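Novice: curious how this folds, go ahead:
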Amino acid sequence: MPTVAPIDLDDHCLATEFLGEVPVFALASGQVVRLDHGTHHHELHDGLLATARTWDGHGLVTGGEDGKVMRLNADGSESTLRGPARKWVSVVAAGPQGAVAFADGKAATVLLSDGTEKSFEEARTIEGLAFAPKGLRLAMARYNGVSLTFVHGSAPALDFEWKGAHNQVTFSPDGRFLVTSMQENALHGWKLDGKPGAEQRHMRMTGYPAKVKSLSWSSKGKWLASSGAPSAIVWPFSAKDGPMGKAPLELGQRADAMVTCVACHPTEDLVAIGFGDGMVLAVRIADSKEALLRRPGKGPITAMAWNKPGRLLAFGSQAGDCGVVDIAG
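Specialist: Residues are numbered from 1 along each chain as shown. Here you go, the predicted model:
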């Protein structure tokens, strides 16, 4: 039977991650709480807006209303990647080779591990950033689509156009697909493995009753789980054309609560589903078998993350009632 170790943080939890084996909870106030043989509080920002875990799994990159970009490591050490600035940093991303990207307004900056900085300008505000799984390529989501650019070299950015506001962007783990969540209740995707110069292949994933705020790829990239409905909407991506012409799975269906957060297990085809009433379920993708991980709480689940072995699940809520579930009990 799963056991829950609760922690009450009295603030909206925007993100949770495991840095190594250390769970951290990033709060809207700008504080990050680290559970490592006791509770450690790190005052990183005057108002936190965005977080991303580094690719090595040992650091958390954060951006805030104070314009700062910070890094917190598993051992509690802090570093300032950019000092206070006038514009809010509302989106950050971590990439291969220690690269970090952040956006403020229409500009995105990439900080490389050797101290080099690269800047990219868009015509509209950048709402989402993601690094490709291979090679230093950065996707920038904005109004009417996504720009995809190589960090090194001077090749022009590739534009993936689709009308509307795109506010989150993610690559499939194998790099074959690019998917955004939109201001309307929909996801949009593009195939990236077409021949150069060929017409772009689009994927429209619609029918959500609410905005999609949470996305998570299964470990091998066969499935993309999403929030925004009374069940987790899980799209199939194993076929050559991804979900085109295929219906999604609907997992963890409940009549009285919306799914607010999803997190796929790091090794199994299993998804943790957080709801608007604070409940958390684990559901196996193959047969929809459900296990209750946490009963309803004080507020909607807003953040979840598995540790690398997949035995522990950290969760956070809008009301600050957070915790760590040990699924093996």
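Novice: measure the residue lying closest to residue 269 once chain neighbours are set aside to residue 222 for me?
Specialist: Using C-beta to C-beta, 6 or more residues apart in numbering and skipping the chain neighbours, the partner closest in space to residue 269 is residue 285 (4.3 Å). In this view, the C-beta of every residue, glycine as well, is placed from N, C-alpha and C. With the distance defined as C-beta to C-beta, to the nearest Å, residue 285 ends up 8 Å from residue 222.
Novice: who touches both of these two?
Specialist: residue 269 (C-beta atoms under 8 Å, 6 or more residues apart in numbering).
Novice: re earlier: the residue nearest to residue 269: what's it in contact with?
Specialist: 218, 223, 234, 249, 251, 269, 270, 271.
Novice: pretty sure the first one sits against residue 271.
Specialist: Yes - with contact taken as C-beta atoms under 8 Å, residue 218 and residue 271 are classed as touching, separated by 7.4 Å.
Novice: now do the shared contacts for these two.
Specialist: Listed as contacting both residue 218 and residue 271 by C-beta under 8 Å, 6+ apart are 225, 264, 265, 285.
Novice: list the residues that contact residue 259.
Specialist: So residue 259 contacts 214, 227-233, 252, 273-276 (C-beta under 8 Å, 6+ apart).
Novice: beta-bridge partners for it, please?
Specialist: Beta-bridge partners for residue 259, by DSSP bridges, are residue 275.
Novice: and for residue 316?
Specialist: Under the criterion used (DSSP bridges), residue 316 bridges to residue 303.
Novice: is it true that it touches residue 303?
Specialist: Yes - counting by C-beta under 8 Å, residue 303 is a contact partner of residue 316 at 4.0 Å.
Novice: the more surrounded of the two?
Specialist: Ranked by neighbour count (other C-beta atoms under 10 Å), residue 316 and residue 303 place residue 316 first, with 31 against 24.
Novice: how about the contacts made by that one?
Specialist: 9, 13, 14, 15, 16, 25, 301, 302, 303, 304, 322.
Novice: can you say which helix or strand has the fifth one in it?
Specialist: Pointing back at residue 16 there. strand 13-19 (DSSP states H and E).
Novice: and the next element down the chain from that strand?
Specialist: Heading C-terminal from strand 13-19, the first helix or strand you meet, by DSSP H and E, is strand 22-27.
Novice: and the least confident helix or strand in the chain by mean pLDDT, how far from the chain's centre?
Specialist: Within the chain, no helix or strand scores below strand 202-205, which has a mean of 92 by mean pLDDT, DSSP states H and E. Its chain's average C-alpha position is 20 Å from that of strand 202-205, according to C-alpha atoms, centre = their mean, to the nearest Å.
Novice: which strands or helices does that strand pack on?
Specialist: When contacts are defined as 3 or more C-beta pairs under 8 Å, 6 or more residues apart in numbering; DSSP states H and E, strand 202-205 packs onto strand 177-182, strand 187-191.
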